[in-house]
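Chemist: structure for this input, please:
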Amino acid sequence: MKFVIVSGGVISGIGKGVIGLLFKTRGLRVSAIKIDPYMNIDAGTMSPLEHGEVFVLDDGGEVDLDLGNYERYLNVTLTRENNITTGKIYSAVIERERKGDYLGKTVQVVPHITNAIQDWIERVARIPVDSSGEEPDVCIVELGGTVGDIESAPFVEALRQFQFRVGPDNFALIHVSLVPVVNGEQKTKPTQVAVRDLRGLGLMPDIVACRCTHKLEKPTTDKISMFCHVGPDQVLVVHDLSSIYHVPLLLDQQKIVEQLSKKLKLDTLSVGPPALATGAALWNDWRNLTNTHDRMFESVNIALVGKYTHLKDSYMSVIKSLEHSALRCQRKLNISWVEATDLEPDAAENSRVNFHKAWHEVCSADGILVPGGFGVRGTEGMIAACKWARENKVPYLGICLGLQIAVIEYARNVLGIKDQAIVDILVSLLEANTHLDAHSEELVPEPPANPLIVFMPEVSKTHLGGTMRLGLRPTIFQDDSEWSKLRKLYGGVEAVHERHRHRYEVNPEFVPELEKAGLTFVGKDDKGERMEILELKSHPYFVGTQYHPEYLSRVLNPSKPYLGFIAASSGTLGDIIDL
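Modeler: So this is what the prediction gives:
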C-alpha cells in the first residue's frame, strides 16, 4: 500500500481528487481518506453556512464535502470511516479505556491517540472502494486545516510516526501552499514559513504544490526550491485556468505522477493490461471532456433559489452536478444565486433593489432549481419561485425540500387548500397560530392537525446527529409511469438507488387528491408509503426528488435528474430521450 499525504491549507484549485485521478489513468486503484481535526463525530450537525455542504455516503455517513470531490473524480464509493475526526478518534480510545483494553496504563495522546490514528488509516486504506472489489494500490490522505493548528497536532505527530511504520518507499508528502501576488511580485515567504514549520514537526515534503494566479516565474521556483529543500522539478503550480477540469492536464504536464513514482517506486506494482487499458480510456475521455469545454459557446442560465447562498460551498454537490450535466449538453453554465428571502414580500419593504433583482433573475432564467435545506427561513420565496416555474412552463427541479415546496405550492394554488393567499397573511397566521393554508409541519411553530409535509415517525426529535433518513435506498417507479421523463432518463428501469438525507416527507393522506389534480408521484419507496419522485406530465420538465441525486453525480456520468433539467433548460431534452 502506497500512501500520499497532502498537508497545508484548503486552497481552491489544488484538488486531492485530481491527484488520485492521475493515478487512476495509470491503471492504479485509488482510495482516499480525509482527516478533519474538529471535535464533532461527523459533519451532520454543522450549519452549511459554517462548514459548507454535508455530504452523504452510501452507508449513511454524513461527512466533509471533500469526500464528495474524491468520489466524483475517482468514481469510487467511500464509507463513513474514510472521514476521520478528532471526535471519532477520542471516542474510540475512550471506549477502549473503559473496557480496560490498555491494561491499567495511563492513556495519553502519545502513544494511544497517535497509534489509534495510524491504525485507522492503515485499516481503512485497504478497504475496496471500486467495482473490482480489490484492495487499492494507493491511498490519498488529506490532513485538513493548516500545519501549526493546535487541533491538528496529534494528527501531524501520528503521520510523522506513520512514515516509519510503512517505510520510506510507501510514504510521500505533498504540501499545498499559496503564492500571493503583491504589486506584481510573487511572494514566497508564506510557503517558506509553512514548510519550515512542517519540517520542524518531523515531516519533509516531497512536492510543494503552489496555488497562484499566474505561472510561477523561474526566480520564484528557485527560491521555493532552495528554502524548502526540494528540487526545482518538485515545485509545482496550479495557476488560474478556464475550468477546474483542466487541472489534471496541468499537473500531468508538470509530471506529478512521475515525481511520486520515483518516491513510491510505483513501477514495482503489478498493473495488468486490462487495468492499463481502462486507465488510458479514462484519460482519453477526460481530455475529450476538456476539449468540449473549450469549444462551448451556447449558455444555459439557472436560477438557484436557496437559503445558504452566501456560502457557495453549501451547495457544492449541486454545483458540480449542474456542471457535469452542462458539459454533457455542451453548454456554458451560468448560475444566478437567488437568496430565497429576497423573493418574499417583506424583502420589497426592506430592500426593493434586492427584491426586484431577485425576481429578475428568476423570471429570466432558463431553469429554476430549489435545493435542499432546513427550517422556515426563505420557504415562502421558494414557493413563489416554484409557482412561477409551474405556471410559465419553465423547467423546475426540486431536491428534498424542493420537492416538498412543490407539493405545498400545488396544494395551495391548484387544489385551493387555503382561505386566502399566504403571501398576504403569513405574519398574522403565524402570530395567531391558525393555519388556513397548505403547509409543512417543519415550517410553522404550531403544526396544523393534518399537514401536507410530516415528520417521519421513526426519526428522533431530540437527537439531531445521524438520526435522519440517510444513505442509499431504493425508489420504485410506479406501474403507470412509462411516460415519466425522469424514468426515461434512467433508462426505463423499474427501480433506482439514490442517497437520502431528510427528516420530513409528504403526508400520504394527501397523495390521492394531489394525483387526481395532476401532480403525479411516479416514484415511491419499496413499501409504497413514501413519495420519492413527483412529476407534472403537462410540463416541459417539472420534477422533484425526495432523495439527493447530486451525491451520485460523476464528472463523466452526470446525475440523471440534473441532466434532464439542464437539457430541458437548454432545449435539448429531446436529443436525450424520446419525448
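Chemist: helices of the stretch 251-400 of the chain, start to end?
Modeler: Using DSSP state H, counting those that start in this stretch, the helices of the stretch 251-400 of the chain run over 256-264, 273-294, 316-328, 345-350, 352-363, 379-391.
Chemist: how about these, which one is nearest Thr85?
Modeler: Thr85 lies closest, by CB to CB, to one member of these: helix 316-328, at 18.7 Å. Quick note: C-beta positions are derived from backbone N, CA and C, even for glycine.
Chemist: need the helices of the stretch 251-400 of the chain in TSV with mean neighbour count, can you?
Modeler: Output for the helices of the stretch 251-400 of the chain, formatted as TSV (neighbours: other CB atoms under 10 Å):
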stretch	mean neighbour count
helix 256-264	18
helix 273-294	14
helix 316-328	24
helix 345-350	15
helix 352-363	17
helix 379-391	24
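Chemist: what's the closest of these to Asp64?
Modeler: helix 316-328 (10.4 Å).
Chemist: lowest-confidence helix or strand of this protein?
Modeler: helix 422-432 (a mean of 32; mean pLDDT, DSSP states H and E).
Chemist: give the next helix or strand downstream of that one.
Modeler: Heading C-terminal from helix 422-432, the first helix or strand you meet, by DSSP states H and E, is strand 453-455.
Chemist: quick check: buried residues in the helix or strand that that next one is followed by?
Modeler: Sequence-wise, the next helix or strand downstream of strand 453-455 (DSSP H and E) is strand 469-477. If you call a residue buried by 16 or more other CB atoms under 10 Å, then strand 469-477 has these buried ones: 469-473, 475-477.
Chemist: between all of the residues you listed, which two are separated the most?
Modeler: Across the buried residues of strand 469-477, no pair lies farther apart than Leu470 and Phe477, at 22.4 Å, counting by CB to CB.
Chemist: got the buried residues for stretch 193-210?
Modeler: For stretch 193-210, by 16+ other CB under 10 Å, it's 194-195, 198, 203, 205-210.
Chemist: alpha carbons only: can I get that stretch in CSV?
Modeler: This file holds the C-alpha atoms of stretch 193-210, laid out as CSV (Å, rounded to 0.1, in the frame of the first residue of the first chain):
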residue,chain,number,x,y,z
VAL,A,193,7.4,29.6,6.7
ALA,A,194,4.8,26.8,6.3
VAL,A,195,7.4,24.3,5.1
ARG,A,196,9.8,25.3,7.8
ASP,A,197,7.1,24.6,10.4
LEU,A,198,6.3,21.3,8.8
ARG,A,199,10.0,20.2,8.8
GLY,A,200,10.2,21.3,12.5
LEU,A,201,7.5,18.8,13.2
GLY,A,202,9.4,16.0,11.5
LEU,A,203,7.7,15.9,8.1
MET,A,204,9.6,16.6,4.9
PRO,A,205,7.6,17.4,1.8
ASP,A,206,8.5,15.6,-1.4
ILE,A,207,6.5,18.0,-3.5
VAL,A,208,5.5,21.6,-2.9
ALA,A,209,2.2,22.4,-4.8
CYS,A,210,1.6,26.1,-5.1
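Chemist: how far off centre is that stretch?
Modeler: Mean-position distance between stretch 193-210 and its chain equals 29 Å (CA atoms, centre = their mean, to the nearest Å).
Chemist: cool, and stretch 209-216?
Modeler: In terms of CA atoms, centre = their mean, the centre of stretch 209-216 is found 25 Å from the chain centre.
Chemist: now render the buried residues of stretch 193-210 as a markdown table, adding secondary structure and distance to Leu489.
Modeler: Shown next, in a markdown table, are the buried residues of stretch 193-210 (DSSP: H, G, I helix; E, B strand; the rest coil; distance: CB to CB, whole Å):
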| residue | secondary structure | distance to Leu489 |
| --- | --- | --- |
| Ala194 | helix | 47 |
| Val195 | helix | 49 |
| Leu198 | helix | 48 |
| Leu203 | coil | 48 |
| Pro205 | coil | 45 |
| Asp206 | coil | 45 |
| Ile207 | strand | 42 |
| Val208 | strand | 44 |
| Ala209 | strand | 38 |
| Cys210 | strand | 42 |
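Chemist: and the next element down the chain from the strand or helix carrying Gln161?
Modeler: Remark: Gln161 resides in helix 153-166, with elements defined by DSSP H and E. Using DSSP H and E, the helix or strand that follows helix 153-166 in sequence is strand 171-178.
Chemist: for that next one, packing partners?
Modeler: Other helices and strands packing on strand 171-178, by 3 or more CB pairs under 8 Å, 6 or more residues apart in numbering; DSSP states H and E, are strand 2-8, helix 153-166, helix 189-200, strand 207-211, helix 256-264.
Chemist: which of the ones you listed sits closest to Arg80?
Modeler: Comparing the helices and strands packed on strand 171-178 against Arg80 with CB to CB, the closest turns out to be helix 153-166 (18.0 Å).
Chemist: average pLDDT across the closest one?
Modeler: Helix 153-166 shows a mean pLDDT of 96.
Chemist: same question, stretch 33-52
Modeler: Here the average pLDDT along stretch 33-52 is 87.
Chemist: so what's the residue count around the residue nearest to Arg29 when sequence neighbours are not counted?
Modeler: Distance criterion CB to CB, 6 or more residues apart in numbering; nearest residue to Arg29, sequence neighbours excluded, is Pro136 at 4.5 Å. Residues near Pro136, counting by other CB atoms under 10 Å, number 24.
Chemist: same check, this time on His500
Modeler: Counted with other CB under 10 Å, residues neighbouring His500 total 22.
Chemist: now name the helix or strand holding it.
Modeler: Counting by DSSP H and E, His500 is found in strand 495-502.
Chemist: per-residue pLDDT, Ala438?
Modeler: pLDDT, Ala438: 59.
Chemist: quick check: domain ranges of the chain?
Modeler: 2-285, 299-576 (automatic domain parsing).
Chemist: now, of these, which is deepest in the fold?
Modeler: Of the domains of the chain, the one with the most neighbours on average (mean count of other CB atoms under 10 Å) is domain 299-576, at a mean of 19.
Chemist: gap between the two ends of that domain?
Modeler: 18 Å (CA to CA, to the nearest Å).
Chemist: please save the CA atoms from stretch 516-525 in CSV.
Modeler: Extracted in CSV, the C-alpha atoms of stretch 516-525 (Å, rounded to 0.1, in the frame of the first residue of the first chain):
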residue,chain,number,x,y,z
LYS,A,516,-56.2,13.4,-9.0
ALA,A,517,-55.3,17.1,-9.7
GLY,A,518,-52.4,16.1,-11.9
LEU,A,519,-49.3,16.1,-9.6
THR,A,520,-48.1,12.5,-10.1
PHE,A,521,-45.8,10.7,-7.7
VAL,A,522,-44.1,8.4,-10.3
GLY,A,523,-41.6,7.0,-7.7
LYS,A,524,-42.2,5.7,-4.2
ASP,A,525,-40.1,3.7,-1.7
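Chemist: mind checking the pLDDT average for it?
Modeler: Mean predicted lDDT for stretch 516-525 stands at 94.
Chemist: got it, and stretch 58-74?
Modeler: Here stretch 58-74 scores 93 as its mean pLDDT.
Chemist: go on, stretch 88-104?
Modeler: Average pLDDT, stretch 88-104: 94.
Chemist: which residues are in contact with it?
Modeler: With contact meaning CB atoms under 8 Å, 6 or more residues apart in numbering, stretch 88-104 is reached by 39, 41-42, 107, 112-113, 116-117, 120, 154.
Chemist: among these, which lie within helices?
Modeler: 116-117, 120, 154 (DSSP state H).
Chemist: which of those sit farthest apart?
Modeler: So, the ones in helices among the contacts of stretch 88-104 by CB to CB: farthest apart are Trp120 and Pro154, at 12.1 Å.
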